[in-house]
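Asker: Here is the input, now give the coordinates:
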Amino acid sequence: KLIVKLQGRTLSAQSNQFLQQGITGWNQLKGVVGKIEKATIDRQFDVAINLLLTECYDAASLAVDGFTKFGDQQQHELQGTIDSNVSTINTFLWIGGVLALIGVTLASTLAWMTIRHMRLSLNKAVEISKAIEGGDLTLDIQNNAEDETGWLLNNLKSMRDGLRNTVSSMIQGTQQLQSR
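Answerer: Okay, the predicted model is just below:
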C-alpha cells in the first residue's frame with residue numbers, strides 16, 4: 001500500500017529513480033522468496049540456501065539501497081523546501097519590521113506636529129488672555145484654526161470685543177455724567 005501511495009505522488013526525477021530501484025529490489029525479493037519457499041517444500045535445502053545467500057541478498061540489497069536513497073533524496077528535497085520557506089518568512093518579517101518602523105516614525109511625526117500646533121495655539125491664547133488681563137483691549141486676534149484651540153481663540157476674541165463694548169459704554173456713561 002505504501003508503494004502505491006508513493007507512486008501516486010509527484011516526485012522529482014531523482015526521487016522517482018530511487019523509488020523505482022527500491023521497488024525493483026522488493027519485487028525481486030518477493031520472487032526469490034517464492035523460489036526459496038518452493039525449494040524448501042521440495043526439500044532442496046542446498047538450492048534454498050544458495051538462493052538465500054545469492055539472489056535473496058542481492059535483491060534485498062537493491063531494495064534497501066533504493067529505498068534508503070529515496071528517503072535521503074526526499075529529506076534533501078524537503079530541507080530545500082523548508083530553507084526556501086524560512087527565507088520567504090524572513091523576508092516577510094524584515095519587510096514587516098521596516099513597515100512597522102515607518103508606521104511608528106509617521107505616527108510619531110504626526111503626534112509631534114499635533115502637539116506642537118496645540119502648544120503654539122495654547123501659548124498664543126495664554127498671551128492674549130494675559131494681555132486682556134493687563135487691560136490691553138486693542139490686541140488684534142487672528143485665527144484661522146477650526147479645532148478646539150481655534151474655538152478658544154474665537155471665544156477670547158468675543159470676550160475682548162465684549163469688554164471693549166463694556167469699557168466703551170462705561171466711558172460714554174462717565175462722559176455723559178460729567179457733561180451734565
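Asker: Now do the end-to-end distance for stretch 36-53.
Answerer: Start-to-end span of stretch 36-53 (CA to CA, to the nearest Å) is 11 Å.
Asker: what's the model's confidence in that stretch, averaged?
Answerer: Across stretch 36-53, pLDDT averages out at 90.
Asker: Buried residues in that stretch, which are they?
Answerer: Neighbour-count burial for stretch 36-53, counted by 16 or more other CB atoms under 10 Å, picks out I36, A39, A48, L51, L52. Quick note: C-beta positions are derived from backbone N, CA and C, even for glycine.
Asker: Can you name the residues that contact the last one?
Answerer: In this case it means L52. I36 (CB atoms under 8 Å, 6 or more residues apart in numbering).
Asker: how near is it to D46?
Answerer: L52 is 11 Å from D46, where distance means CB to CB, to the nearest Å.
Asker: again with the first one
Answerer: Distance of I36 to D46, given as CB to CB: 12 Å.
Asker: Likewise for the second one?
Answerer: Distance check for A39 against D46: by CB to CB, it reads 8 Å.
Asker: if I look at L78, how far off is S12?
Answerer: Taking CB to CB, one finds L78 at 11 Å from S12.
Asker: Check E133 too.
Answerer: The value you get for E133 to S12, if CB to CB is used, is 86 Å.
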